[in-house]
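> fold the following.
(4 chains)
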Protein chains: 2
Amino acid sequence: MPVKVTSRQVAERAGVSQSAVSRVFTPGASVSQKTAEKVRRAAKELGYRPNVLARAMASGRSRIIGLVVAYLENYFYPEALERLSRALQENGYHVLVFMASQTAGNIEDVLGEILDFQVDGIVMASVAMSSDIASRCQAAGVPVVLFNRKQDDDGITSVTSDNYSGGRSVAEFLLAGGHERIAYIAGWEGASTQRDREAGFNDGIREAGREVVARAVGDFRSDSASAAARRLFGTDPELRPDAVFVANDHMAFAVMDVIRFEMGLSIPRDVSVVGFDDVPPAAWPAYDLTTVRQCAARMVGETISALLELVRSPDTATPRQITIEAPLIVRGSARLPDGVSRKGASA
Amino acid sequence: MPVKVTSRQVAERAGVSQSAVSRVFTPGASVSQKTAEKVRRAAKELGYRPNVLARAMASGRSRIIGLVVAYLENYFYPEALERLSRALQENGYHVLVFMASQTAGNIEDVLGEILDFQVDGIVMASVAMSSDIASRCQAAGVPVVLFNRKQDDDGITSVTSDNYSGGRSVAEFLLAGGHERIAYIAGWEGASTQRDREAGFNDGIREAGREVVARAVGDFRSDSASAAARRLFGTDPELRPDAVFVANDHMAFAVMDVIRFEMGLSIPRDVSVVGFDDVPPAAWPAYDLTTVRQCAARMVGETISALLELVRSPDTATPRQITIEAPLIVRGSARLPDGVSRKGASA
DNA sequence: ATGAAAGCGCTAACAA
DNA sequence: TTGTTAGCGCTTTCAT
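Presented below is the predicted three-dimensional model:
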């Protein structure tokens, strides 16, 4: 049995030209029933499968999508990756993964590598904002969509959840719950998600004529978040916050553990904690975290359709900023406003 | 600025032949300093980057590694994927992801797709055992390594941790802790990891002249694990297990939550729980789970070196079964044997 | 509907 | 060291 079967060999066996074989394996090409049958039989007998790379070279379309992702440690991303990959597979595309460091400017290098692969499109998940990306890809003629990040430049397609409103609903919820001293633990400040969540949150607080009493930066990392929590809560009981909004769940778990197991405080009696993302562990009873949901399924769905649109009709498709609604999921980690039960979402 | 720059254009500009350009970008090829410089300058001016796909076609080596993975829901895999991808990137390879369903026989289809991409090698993470895979890849001349799975057939390279010993140390630890009624919650029975962990565990229990008093199957899924826990612990206090070994951490978290929050029992006072994997949440204070560590870093390291060895010297390299040691990590979710403190590991 | 022929952009002998 | 020449396996005009 031959290790590599070419279309030429199939053609020979089927008694047709090589291009006939190519057509049989090209959806929408014009071949007669008879030829198709002969070819398929010969192909099956020989165990022929078209070489995707050769096809890519000749056609200029690789059916490969480059995915840049910084860290899988935040459990929002594994789910997104899995969904993205499955959805793309169903559409005949495959994902080539490029790991980038979270903060570094090495996005530029990575971008070069990606482009070398002649990918049909790129999904950038959780990268720093940089308008260079847009222009470089535009120059290379490769569509990009930003996943869970936004740029001020609106020439680039992005899919995010409504971070601003999400942050705002947290503020309103916490205020309605009668909290007096509300704090915030920020994510990495280079991220648009961080910026928007905080902006919405702050606006919500301020419009009630109040102020955030304490702020620390956790950089979206659990160790930094723990440290931030120690700083915020390791003070006099009178100065201590009675509520904290943490910029994502991943950090919120660390914060909750510091509050409960190091400080010996009770959640939500002494302190209310709210996160952002609604990753699976947020629903685990040990955390039962009130949080803002980023619906990975919908975000991925929009990402795919925007990207494939750009891939398939590069000329007519235009960049869009897609925003997915981000509902507050009320669980047990935060004191409730009067009259609100755990089942009802708050606004 | 041209959208696509070819080596031919660079050659023209540098005043050399096209193959000279190719050589400059081929490590280890023979080019003079002078030529190299001219070419590099021309390349830079034009913004030339070699087309990886064309190179792959011509050379027969794509520098793409196919990764088959079933589910990222178990947090052991995101970490493995991230490490694998980074390590391969450092070696000039990239990962093409293929999602397979956990149980289905669709590994076969996926394998076909992978092979179409002319990948240089394949990593199969968490797939069902199937000796067909080995032969199909062998026929295609593509090296494979099984990650976190083993086959009876030893013609295929695999990297696993020492699941048998791991299971055994759990048995010994639980026995030493004075537990009277020891139960087991199994993973998906098609997995070699499940089989080996249980075998080691059972042997450890039996050699002490004892028996596992209850067993349920959780299929490595948290909902099934919760259900299993309800069955096991929803009985008379006298019949209730006082210790349970759960085949992986992912399930163990669900089991702990059922035990604590549904049954109202205390861990470890009423029930000891031990898991397997040592994923990050196992160390979170809210779980503080005693578990057996699968060292992702080492497993990935061995996977990479075995795979690259097979890729680079297909003739001399031989299949190996690599086993990584799997130490028990003692935390607070299980009653300790007398004299053992949380810092000292048990045997 | 089909075959012939010309590439896609590169690597790898082979000569020189 | 360098240029010339064949391909790698496919898609895609262009005739027929």
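
> okay, helices next: where are they in the stretch 201-347 of chain A?
In the stretch 201-347 of chain A, the segments counted as helices under DSSP state H, counting those that start in this stretch are A:222-233, A:249-257, A:280-283, A:296-312.

> let me know which of these is tucked in deepest.
helix A:249-257 (a mean of 27; mean count of other Cβ atoms under 10 Å in any protein chain shown). In short, each C-beta sits where N, CA and C put it, glycine included.

> what does the stretch 51-200 of chain A put close to DNA strand D?
A:51, A:54-55, A:57-59 (Cβ under 7 Å from any atom of the strand).

> got any ranges where the stretch 151-300 of chain A has weak pLDDT?
Low-confidence segments of the stretch 151-300 of chain A (pLDDT under 70): none present.

> tell me which helix or strand comes right after the helix or strand where A:Ala171 lies.
With secondary structure defined by DSSP states H and E, A:Ala171 is part of helix A:163-176. Beyond helix A:163-176 on the C-terminal side, the first helix or strand identified by DSSP H and E is strand A:182-186.

> that's a helix at A:Thr35, yeah?
Yes: using DSSP: H, G, I helix; E, B strand; the rest coil, the secondary structure at A:Thr35 is a helix.

> my read: it touches A:Val16, true?
Yes: counting by Cβ atoms under 8 Å, A:Thr35 sits close enough to A:Val16 to count as a contact (5.9 Å).

> what angle do the helix holding A:Ala171 and strand A:182-186 make?
Regarding helix A:163-176 and strand A:182-186, their directions subtend 150 degrees when assessed with axes from the mean of the first three to the mean of the last three Cα atoms, to 10 degrees.

> CA atoms only: put helix A:163-176 into CSV for me.
Listed in CSV are the C-alpha atoms of helix A:163-176, where the atom choice follows Å, rounded to 0.1, in the frame of the first residue of the first chain:
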residue,chain,number,x,y,z
ASN,A,163,-18.5,45.2,29.7
TYR,A,164,-19.7,48.7,30.4
SER,A,165,-23.2,47.8,31.2
GLY,A,166,-22.0,44.8,33.1
GLY,A,167,-19.9,46.9,35.3
ARG,A,168,-22.8,49.3,35.8
SER,A,169,-25.2,46.6,36.8
VAL,A,170,-22.8,45.5,39.4
ALA,A,171,-22.6,49.0,40.8
GLU,A,172,-26.4,49.3,40.9
PHE,A,173,-26.8,45.9,42.5
LEU,A,174,-24.3,46.6,45.2
LEU,A,175,-25.8,50.0,45.9
ALA,A,176,-29.2,48.5,46.1
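
> and stretch A:210-218, anywhere near chain B?
No: using Cβ under 8 Å from any Cβ of the partner chain, we find that stretch A:210-218 stays clear of chain B, coming within 15.6 Å at best.

> with stretch A:11-29 instead?
No: residues of stretch A:11-29 are not located near chain B by Cβ under 8 Å from any Cβ, the shortest gap being 10.9 Å.

> for that stretch, measure first residue to last.
Across stretch A:11-29, the terminal residues are separated by 16 Å (Cα to Cα, to the nearest Å).

> quick check: buried residues in that stretch?
By neighbour count, and taking 16 or more other Cβ atoms under 10 Å in any protein chain shown as the criterion, the buried residues in stretch A:11-29 are A:11, A:13-14, A:16, A:20-25.

> in helices, which of those appear?
The members of those that map onto helices under DSSP state H are A:11, A:13-14, A:20-24.

> tell me which parts of the stretch 151-300 of chain A are close to chain B?
Among all residues of the stretch 151-300 of chain A, those adjacent to chain B (criterion: Cβ under 8 Å from any Cβ) are A:253-254, A:256-257, A:260-261, A:280-281, A:284-287.

> so the nearest residue in space to A:Asn91 that is not next to it in sequence versus B:Phe117, what's the distance?
Closest residue to A:Asn91 in three dimensions, ignoring its sequence neighbours and counting by Cβ to Cβ, 6 or more residues apart in numbering or on different chains: A:Leu308, at 6.4 Å. Taking Cβ to Cβ, to the nearest Å as the criterion, A:Leu308 is separated from B:Phe117 by 20 Å.

> what's stretch A:23-42 in contact with?
When contacts are taken as Cβ atoms under 8 Å, 6 or more residues apart in numbering or on different chains, the neighbours of stretch A:23-42 outside the stretch itself are A:7, A:10-11, A:13-16, A:20-22, A:43, A:48, A:50.

> could you dump those residues into CSV with pLDDT and distance to DNA strand D added?
Supplementary listing: the contacts of stretch A:23-42 in CSV, determined by pLDDT from 0 to 100; distance: Cβ to the nearest atom of the strand, whole Å:
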residue, pLDDT, distance to DNA strand D
A:Ser7, 97, 3
A:Val10, 97, 7
A:Ala11, 97, 9
A:Arg13, 96, 13
A:Ala14, 96, 13
A:Gly15, 96, 16
A:Val16, 97, 12
A:Ala20, 97, 9
A:Val21, 98, 7
A:Ser22, 97, 3
A:Ala43, 97, 10
A:Tyr48, 96, 7
A:Pro50, 97, 4
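
> how about those, which pair is most distant?
Of all pairs drawn from those, the widest gap by Cβ to Cβ lies between A:Gly15 and A:Pro50 and measures 19.3 Å.

> neighbours around the residue of the stretch 101-250 of chain A found nearest DNA strand C, how many?
Across the stretch 101-250 of chain A, the shortest distance to DNA strand C (Cβ to the nearest atom of the strand) belongs to A:Gln118, at 8.2 Å. Close neighbours of A:Gln118, defined as other Cβ atoms under 10 Å in any protein chain shown, add up to 21.

> now do the SS call for it.
The three-state assignment at A:Gln118 reads coil, by three-state DSSP.
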